[in-house]
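A.B. asks: pasting the structure only:
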């Protein structure tokens, strides 16, 4: 099994189409098909199911993909470690790639990233906006990922909680729910909830909480959006409600938004994610230490 075959295989896994994969690799579609066929013959089973113009992995293909990423990661780490070993004593410019959701460019994270620029002048921090932090780590697109803390983290990834913030229920200042002398959670059953769409990690966290504390309400009229700005706009101009981190309250007065405090609301924990067994050069260790106050 040649490394070039595994490179072709992983590219096809990512592109899910022979045409796109061949363009990405800079070879003809016929050449790519031949390479994949040779790999399948060597392994002794089909790796992809062809479905018109697209293809999907067979169970054997899924097993091979997992191991291929590990092989690619090891080769990448070897190169990084050798580069660190052979580096000169002079200043070296290093780029650290950090993946996060667009909506997690928040005040504390911005402060930390700015501090990194000031403290490590030879360090370049490149932020990558992605809907899938874990995939970005596994495919080596990024060195670190930052996002809401979740319980079910892939087995190949470690996480460290870095800070937390309280959630708040928000509505517009003249929302009908505010006419009640006592505001209870069940009053929210009659109003649409506006929040991020399902591809965001945070959405599951909030809906799990709502399932436990607002189990009688229907999700049929809920509104899914892509940005924090849209959430605040919808709340400020409609009879919707939302649940947002406390750090956003600096915007509430100007938008005529009211906070409804409730002791049962969850805490929003932010975590930093990275691959287990990842080789860490000195600059990456510095960045992790800056975020976590721990030594690496």
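C.D. replies: Arrived safely, thanks for sending. Computed from a prediction, not measured in an experiment: that's the story for all the values here.
A.B. asks: What are the structural domain limits within the protein?
C.D. replies: 3-83, 90-161+270-292, 164-268 (automatic domain parsing).
A.B. asks: Do me a favour and get the end-to-end distance for the longest one?
C.D. replies: Spelled out, it's domain 164-268. For domain 164-268, the separation between the terminal residues is 5 Å (C-alpha to C-alpha, to the nearest Å).
A.B. asks: could you give the mean pLDDT of that domain?
C.D. replies: On average, the pLDDT along domain 164-268 is 90.
A.B. asks: Then the first one?
C.D. replies: For domain 3-83, the mean per-residue pLDDT is 86.
A.B. asks: Residue numbering should commence at 613 henceforth.
C.D. replies: That works, and once the first residue is 613, the last one we named lands at domain 615-695.
A.B. asks: can you pull out the strands in the chain?
C.D. replies: Taking DSSP state E as the criterion, the chain contains strands spanning 660-663, 666-669, 706-712, 735-741, 756-760, 769-784, 806-808, 835-837, 854-857, 869-872, 879-887.
A.B. asks: could I get these as TSV with distance to residue 898?
C.D. replies: Where you see a C-beta, it was placed from the backbone N, CA and C, and this is true even at glycine. Converted to TSV, the strands of the chain look like this (distance: least, C-beta to C-beta, whole Å):
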stretch	distance to residue 898
strand 660-663	42
strand 666-669	38
strand 706-712	9
strand 735-741	7
strand 756-760	12
strand 769-784	15
strand 806-808	32
strand 835-837	36
strand 854-857	28
strand 869-872	38
strand 879-887	13
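A.B. asks: list the contacts for the nearest residue to residue 740 once chain neighbours are set aside?
C.D. replies: Of all residues not flanking residue 740 in the chain, residue 711 sits nearest, at 4.5 Å (C-beta to C-beta, 6 or more residues apart in numbering). Going by C-beta atoms under 8 Å, 6 or more residues apart in numbering, residue 711 touches 739-742, 745, 748-749, 753-754, 756-758.
A.B. asks: Residue 845: which of these is nearest?
C.D. replies: Closest approach to residue 845 among those (C-beta to C-beta): residue 741, at 20.4 Å.
A.B. asks: and the closest one, what pLDDT?
C.D. replies: On pLDDT, residue 741 comes in at 85.
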